[in-house]
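Chemist: Return atomic coordinates for the entry below.
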Amino acid sequence: MRTIAIKKGLDLPYLFKGNKQSFVSIDSSSVSISGYDYPFKPNLLVEEGSTVRRGDFLFTTKDDERIGVTSPVTGKVSGIHRGERRALIAVSIELDSSVDQSSSTSLSNSASSFPNLNYSNRKEISNILAKLGAWVYLRTRPFALVPKLDEEPAHIFINAMDTRPGSIGMKSLLSGRGKYLQKGIHILSSLTQGKIYFCQDPKENWEDELHFDSIKQNIGEVRWERVGFSGKHPSGLTSTHIHFLNPVSLKKTVWTIPADLLADIGEAWMTGVLPNQTRFSLSGPFWKNPSLLQTTIGSSVSKLVRDYLPSSDSRVDRDSHYRIVSGSILHGWEAKGAWDFLGRFHNQISILKDGNKREFLDWLLPAFKKYSITRTAFGRWFPKMIDWNTSQNGSPRAIVPIGNYERVMPLDILPTQLLRALVTEDWEEAVELGALELEEEDMSLLTYVCPGKKDYGKMLKEVLKIARKELV
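Modeler: All right, here's what the predicted structure looks like:
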C-alpha cells in the first residue's frame, strides 16, 4: 500500500471523548427520510396518511422511475416537509409497532438465490441495486450526482476513512461488518472496467476485517489499488483522493461511495433487504456521556440525544443553550423542526453552544476559549479550554486574502481566485480553476477560515448547476 501525505489542511481540536469499544442500540418510533441527501428532482410516490412497508419506494428521480429512495421501516407517512420553492426536505414516517420491521418488499429473495448470476453482467447488477434502493448511494464526479443506470465510470473510489472534526474513523464505525464490505467491493467491481481505489487512513489496520488477497483475486491485481492518505483534514474527503490519484474532467467521470454505505450494499445483497440501521458517534466536549450509538436510519435527533444532553443550567433552558448538529460542525445541519433527523450520510451528531451573547472587551482579551487559524487567540495552544460555539465572531464582509485559504487547501487549485469566481457566479472561470473537482463539503474549511463569513459551499453548488446546464 502506498501512502500520500497531505501537508495542507486543518485539524480542529473538536474530538470524540467517549469509549470506542461498543455501540448502544436505541429504538425509534419515527423516522424522516431526507430529500436533501439525494441530488435529484424527486417524484413523490406517497402522501400524508399513506401506509408504506419497508423497502417501498418513497420517491424516485423524475428522469428514471427505476432509481429511488426506499422506506427503512413499515408504518404510516405522518408528514411531508418542504422548504423554499417546494423543495423536499423530508418524508416523515411513524413506525407501526404491530408489525415485524425486519420484513421487506425490496426483494422476495436474496442474491444468494441467483446461483447463475454473472458478476460481469453489469446491467443485471445495476437493476438489482436499483430495486434494493441502494443505487442512490453512488455519486458521480464531476457534479456529485446520482449516476444513471446505463452509465459506466472510468474508475470507482471507495472512501474508507473519515477525518472530519469529532469523527471516530471509518474502521471503528464498520467494526464487525467486514464480510459485508468485502461483498460490496466485489459487487462494485462489476460496474466498471476501470480501477477500484480503496482509500484509507494508513494508521487503521483493515486486515482483520477484509481479506485483501481474496479481493485482488476476484477483481484482478491490475484493477485494485489500496492507497493510504495521511495528514490533516481534508485528507479524508473523496475529492482529495480523486485529485491525487485520478483527476476528473468533463470527458472522464468517476464514481464514489463511502465504505459504510458500501457495506450496506453488501449486506443487502446477501439478505435481500437494505439494512435499516445506522451507526454514529456523539462528538464534541459537551455531552454528558459521549457514546457510540446505533439506531434506525433517519431517527429523530432530539429524541436520540435527550438522555445525553448536558445538565440544564438553572437560568437557561437546555434546549436553547446548545445547538445540536446532524453531521460534523463543518458540514452538517441544525437538527431542529423539519430538519430534526439524522442525515443518511452523517456518521456523527455534534454539539455546540449557542454563540448568541456579546462578550465584554471581546478581542482585547487573550481569548483562551477561542480558536483561530491565524494564531491570534491563545486557545490555539490550549485546545481543552476552547468553548465551541456558533458565533461567527463578526459580520459578513468582503473576501480578505490573508493566506488563510491557501493554508487549508491541499489540492493544486488557486483557492482565492476560485472563491472570487464563485462569489461573482463566473462559472467559466470557476471551471477553469478546478471547480469540477469539488463538491459542497470541500468548501467547508474555506468557509470556516474565511474572514468574510461567506458560505462557499452553497455558492459552489449553484455555480456547478449553471456549469452543468451549459456544458453537458
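Chemist: In contact with the residue nearest to Ile67 when sequence neighbours are not counted, which residues?
Modeler: Computed as C-beta to C-beta, 6 or more residues apart in numbering, the closest residue to Ile67 that is not its neighbour in sequence is Thr61, at 4.9 Å. C-betas here are computed from N, CA, C, even on glycine. By C-beta atoms under 8 Å, 6 or more residues apart in numbering, the contact set of Thr61 is Phe40, Lys41, Pro42, Asn43, Ile67, Gly68, Val146.
Chemist: Verify the stated contact: the first one with Val146.
Modeler: Yes. At 5.6 Å, Phe40 and Val146 qualify as touching, with contact defined as C-beta atoms under 8 Å.
Chemist: hey, what's in contact with both of the two?
Modeler: Here Phe40 and Val146 have Thr61, Ile67 as joint contacts, going by C-beta under 8 Å, 6+ apart.
Chemist: Please identify which of those two sits among more neighbours.
Modeler: Neighbours per residue (other C-beta atoms under 10 Å) separate Phe40 from Val146, with Val146 holding more: 21 against 18.
Chemist: pLDDT score for the more buried one?
Modeler: You'll see Val146 listed with a pLDDT of 98.
Chemist: Please, where are all the helices along this protein?
Modeler: 122-132, 170-173, 178-188, 212-219, 238-245, 259-271, 301-305, 318-321, 404-408, 415-423, 427-432, 444-449, 456-471 (DSSP state H).
Chemist: Turn those into TSV, columns for mean pLDDT and mean neighbour count.
Modeler: Converted to TSV, the helices of the chain look like this (pLDDT from 0 to 100; neighbours: other C-beta atoms under 10 Å):
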stretch	mean pLDDT	mean neighbour count
helix 122-132	93	18
helix 170-173	96	22
helix 178-188	95	21
helix 212-219	93	14
helix 238-245	98	22
helix 259-271	95	23
helix 301-305	96	20
helix 318-321	56	12
helix 404-408	96	18
helix 415-423	97	21
helix 427-432	97	18
helix 444-449	96	21
helix 456-471	96	17
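Chemist: Same list, those, but as a markdown table with distance to Lys252 please.
Modeler: Output for the helices of the chain, formatted as a markdown table (distance: least, C-beta to C-beta, whole Å):
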| stretch | distance to Lys252 |
| --- | --- |
| helix 122-132 | 18 |
| helix 170-173 | 26 |
| helix 178-188 | 18 |
| helix 212-219 | 20 |
| helix 238-245 | 10 |
| helix 259-271 | 22 |
| helix 301-305 | 38 |
| helix 318-321 | 48 |
| helix 404-408 | 27 |
| helix 415-423 | 20 |
| helix 427-432 | 14 |
| helix 444-449 | 25 |
| helix 456-471 | 14 |
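Chemist: Could you say which one of those helices comes nearest to Ser395?
Modeler: Set against Ser395 and scored by C-beta to C-beta, these come closest in helix 444-449, at 15.2 Å.
Chemist: buried set for stretch 381-392?
Modeler: With burial defined by 16 or more other C-beta atoms under 10 Å, the residues of stretch 381-392 counted as buried are Ile386, Trp388, Asn389, Ser391.
Chemist: Just give the nearest non-adjacent residue to the third one, would you?
Modeler: In other words, Asn389. In space, and not counting its chain neighbours, Asn389 is closest to Gly355: 3.5 Å by C-beta to C-beta, 6+ apart.
Chemist: Kindly provide the distance from the one you found to Trp333.
Modeler: Applying C-beta to C-beta, to the nearest Å, the value for Gly355 to Trp333 is 17 Å.
Chemist: picking that back up, now for the helices of the chain, which one comes closest to Val227?
Modeler: Val227 sits nearest to helix 238-245 of all those, at 6.4 Å, using C-beta to C-beta.
Chemist: now for that closest one, which elements pack on it?
Modeler: If you count contacts as 3 or more C-beta pairs under 8 Å, 6 or more residues apart in numbering; DSSP states H and E, helix 238-245 packs onto strand 2-6, strand 139-141, strand 156-160, strand 196-200, strand 224-231, strand 254-258.
Chemist: Go ahead and confirm Ala435 touches Val463.
Modeler: Yes. Here Ala435 reaches Val463: they are 6.2 Å apart, a contact under C-beta under 8 Å.
Chemist: anything in contact with each of those two?
Modeler: Ala421, Leu422, Trp427.
Chemist: And those residues, which is closest to Ile297?
Modeler: Once C-beta to C-beta is applied, the member of those that ends up nearest Ile297 is Leu422, at 32.8 Å.
Chemist: do you know how far the closest one is from Ala144?
Modeler: Distance from Leu422 to Ala144, counting by C-beta to C-beta: 16 Å.
Chemist: Ok, Lys216 next?
Modeler: Taken as C-beta to C-beta, the span from Lys216 to Ala144 is 29 Å.
Chemist: From the chain's centre, how far out is stretch 368-385? Work that out for me.
Modeler: Distance of stretch 368-385 from the chain centroid (C-alpha atoms, centre = their mean, to the nearest Å) equals 28 Å.
Chemist: Buried ones in it, by neighbour count?
Modeler: So, applying 16+ other C-beta under 10 Å, buried residues of stretch 368-385: Lys369, Lys370, Tyr371, Ile373, Ala377, Phe378, Gly379, Arg380.
Chemist: check contacts around the last one.
Modeler: What that stands for is Arg380. Neighbouring residues of Arg380 by C-beta under 8 Å, 6+ apart: Tyr371, Ser372.
Chemist: Same check on the second one?
Modeler: Shown in contact with Lys370 (C-beta under 8 Å, 6+ apart): Ala377, Gly379, Ile386, Asp387, Asn393.
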